[in-house]
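S.K.: model this:
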Amino acid sequence: MYRVTAKGKYRGPPSPLIKFRELLARPRFIPALGIWDPYTARVAEAFGIECVHIGGYQLGAHYVTSEPLLTLTELAHTTRYVTAAVRIPVVVDAGAGYGEPLHVMRTVRELERAGAAGLCTSKTRFIPSAPITTGESSTWSRGKKWWPK
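M.R.: Numbers count the residues shown, from 1 in each chain. Here you go, the predicted structure:
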């Protein structure tokens, strides 16, 4: 039961953002189950998971595509649907932020509007996860290209 305070303000359940800050303040590991849609988020919440994570790979598999081919629009819509379905914090994998610094700013704003309690990005602009080769294999590592011997 939620009460009305003396000043007449409704005191409802804490927002997912407040819950996430409380989780971060604890001196322990935060288990965040990887989910990809509102249904899996509700299942996680029903099992007592305190925080969920929309992972890039899970979302790519859900949309039957590769993670680098997902758009910010698809990520924001999925985040909006998931945050509307659960009361626990939702952390979102925003990949490389969808481009240059201005694109990263827009990504952060869109995911905030969608209700994400937090997000994580990679520190590279482009992650070559599905390289196209011409017969020779190569590996990318920390910004340097290493060719096979």
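S.K.: CA atoms for contacts and neighbours, from now on please.
M.R.: Noted.
S.K.: the most centrally placed residue in the chain and residue 116: what is the separation?
M.R.: Most central in the chain under C-alpha atoms, centre = their mean is residue 92, positioned 0.8 Å from the mean C-alpha point. Distance of residue 92 to residue 116, given as C-alpha to C-alpha, to the nearest Å: 7 Å.
S.K.: residues shared between the contacts of the two?
M.R.: residue 79 (C-alpha atoms under 8 Å, 6 or more residues apart in numbering).
S.K.: any idea what sits nearest residue 104, other than its immediate chain neighbours?
M.R.: Leaving out its chain neighbours, the residue that sits closest to residue 104 by C-alpha to C-alpha, 6 or more residues apart in numbering is residue 97, at 4.5 Å.
S.K.: so how many other residues sit close to the one you found?
M.R.: 24 (other C-alpha atoms under 10 Å).
S.K.: so what's it up against?
M.R.: With C-alpha under 8 Å, 6+ apart, residue 97 has these contacts: 103-104, 107, 121-122, 125.
S.K.: out of those residues, which is most surrounded?
M.R.: residue 107 (22 neighbours).
S.K.: in this structure, where is pLDDT below threshold?
M.R.: 1-13, 123-149 (pLDDT under 70).
S.K.: in it, which spans are helices?
M.R.: 16-25, 38-46, 56-62, 72-85, 101-113 (DSSP state H).
S.K.: now those as JSON lines including distance to residue 32?
M.R.: Listed next are the helices of the chain as JSON lines, based on distance: least, C-alpha to C-alpha, whole Å:
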{"stretch": "helix 16-25", "distance to residue 32": "11"}
{"stretch": "helix 38-46", "distance to residue 32": "9"}
{"stretch": "helix 56-62", "distance to residue 32": "14"}
{"stretch": "helix 72-85", "distance to residue 32": "14"}
{"stretch": "helix 101-113", "distance to residue 32": "18"}
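S.K.: give me phi/psi at residue 98?
M.R.: Main-chain torsions, residue 98, degrees, to the nearest 10: phi 70, psi 30.
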